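In: Have a look at this prediction, sequence included:
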Amino acid sequence: MKICVSDELRYVSEELKKRGYTIVTINSNNDCDALICDLKNGGLNHIGCENSIKKDGMLIIDIGSKSIDEIEYILKNRLYTSIF
(Lines give C-alpha, C1' and ligand atoms only; values in the text may rest on other atoms or scores of the structure.)
Protein backbone atom coordinates (compact mmCIF):
# COMPACT_ATOMS: atom_id res chain seq x y z
CA MET A 1 0.00 0.00 0.00
CA LYS A 2 1.40 3.39 -1.02
CA ILE A 3 0.53 6.25 1.29
CA CYS A 4 1.02 9.98 0.74
CA VAL A 5 1.44 11.94 3.96
CA SER A 6 1.50 15.74 4.00
CA ASP A 7 4.89 17.21 4.88
CA GLU A 8 3.87 18.65 8.25
CA LEU A 9 2.95 15.15 9.49
CA ARG A 10 6.45 13.64 9.35
CA TYR A 11 5.93 11.80 12.63
CA VAL A 12 3.05 9.93 10.98
CA SER A 13 5.24 9.05 7.98
CA GLU A 14 8.00 7.73 10.21
CA GLU A 15 5.68 5.62 12.33
CA LEU A 16 3.92 4.14 9.29
CA LYS A 17 7.32 3.30 7.72
CA LYS A 18 8.24 1.44 10.92
CA ARG A 19 5.01 -0.54 10.54
CA GLY A 20 5.90 -1.58 7.00
CA TYR A 21 3.92 0.90 4.87
CA THR A 22 5.36 2.48 1.74
CA ILE A 23 5.36 6.26 1.97
CA VAL A 24 5.54 8.20 -1.29
CA THR A 25 6.29 11.88 -1.51
CA ILE A 26 3.38 14.23 -1.96
CA ASN A 27 4.88 15.91 -5.02
CA SER A 28 5.80 12.69 -6.81
CA ASN A 29 3.94 11.31 -9.78
CA ASN A 30 3.28 8.08 -7.91
CA ASP A 31 -0.29 6.94 -7.49
CA CYS A 32 -1.13 6.40 -3.87
CA ASP A 33 -3.75 4.28 -2.14
CA ALA A 34 -4.27 6.69 0.74
CA LEU A 35 -3.61 10.32 1.55
CA ILE A 36 -3.18 11.53 5.13
CA CYS A 37 -3.46 15.24 5.81
CA ASP A 38 -4.89 17.80 8.21
CA LEU A 39 -8.09 19.01 6.55
CA LYS A 40 -8.82 21.52 9.31
CA ASN A 41 -5.62 23.42 8.57
CA GLY A 42 -5.98 23.62 4.80
CA GLY A 43 -5.20 19.98 4.11
CA LEU A 44 -5.72 19.43 0.41
CA ASN A 45 -5.15 23.09 -0.53
CA HIS A 46 -1.49 22.92 0.47
CA ILE A 47 -0.75 19.61 -1.18
CA GLY A 48 0.54 19.64 -4.73
CA CYS A 49 -0.37 16.06 -5.52
CA GLU A 50 -2.90 16.44 -8.27
CA ASN A 51 -1.39 13.48 -10.11
CA SER A 52 -1.54 11.32 -7.00
CA ILE A 53 -5.16 12.01 -6.08
CA LYS A 54 -6.67 10.94 -9.39
CA LYS A 55 -6.75 7.28 -8.45
CA ASP A 56 -10.30 5.97 -8.06
CA GLY A 57 -11.01 4.69 -4.60
CA MET A 58 -8.15 6.51 -2.92
CA LEU A 59 -8.73 6.89 0.80
CA ILE A 60 -8.32 10.38 2.26
CA ILE A 61 -7.72 10.42 6.00
CA ASP A 62 -8.04 13.60 8.04
CA ILE A 63 -5.48 13.32 10.82
CA GLY A 64 -7.62 15.29 13.31
CA SER A 65 -6.81 13.87 16.73
CA LYS A 66 -6.33 10.30 15.50
CA SER A 67 -3.60 8.14 16.95
CA ILE A 68 -1.28 6.06 14.79
CA ASP A 69 -3.24 2.95 15.82
CA GLU A 70 -6.50 4.56 14.63
CA ILE A 71 -4.89 5.55 11.33
CA GLU A 72 -3.61 2.03 10.82
CA TYR A 73 -7.08 0.62 11.59
CA ILE A 74 -8.55 2.90 8.93
CA LEU A 75 -5.87 1.89 6.41
CA LYS A 76 -6.33 -1.82 7.03
CA ASN A 77 -10.11 -1.83 7.12
CA ARG A 78 -10.95 1.23 4.98
CA LEU A 79 -13.35 2.20 7.76
CA TYR A 80 -13.53 5.27 9.96
CA THR A 81 -15.53 3.47 12.64
CA SER A 82 -13.19 1.78 15.05
CA ILE A 83 -13.06 0.23 18.48
CA PHE A 84 -11.04 3.15 19.89
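Out: Ah, there it is.
In: can you give me the helices for the protein?
Out: Along the chain, counting by DSSP state H, helices occupy 10-18, 68-77.
In: could those go into TSV alongside mean pLDDT and mean neighbour count?
Out: Where you see a C-beta, it was placed from the backbone N, CA and C, and this is true even at glycine. Formatted as TSV, these follow (pLDDT from 0 to 100; neighbours: other CB atoms under 10 Å):
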stretch	mean pLDDT	mean neighbour count
helix 10-18	95	15
helix 68-77	93	16
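In: Let's have those helices in a markdown table, adding distance to residue 39.
Out: Formatted as a markdown table, the helices of the chain follow (distance: least, CB to CB, whole Å):
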| stretch | distance to residue 39 |
| --- | --- |
| helix 10-18 | 14 |
| helix 68-77 | 14 |
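In: Which one of those helices lies nearest to residue 3?
Out: For the helices of the chain, the distance to residue 3 is smallest for helix 10-18, at 6.2 Å, taking CB to CB.
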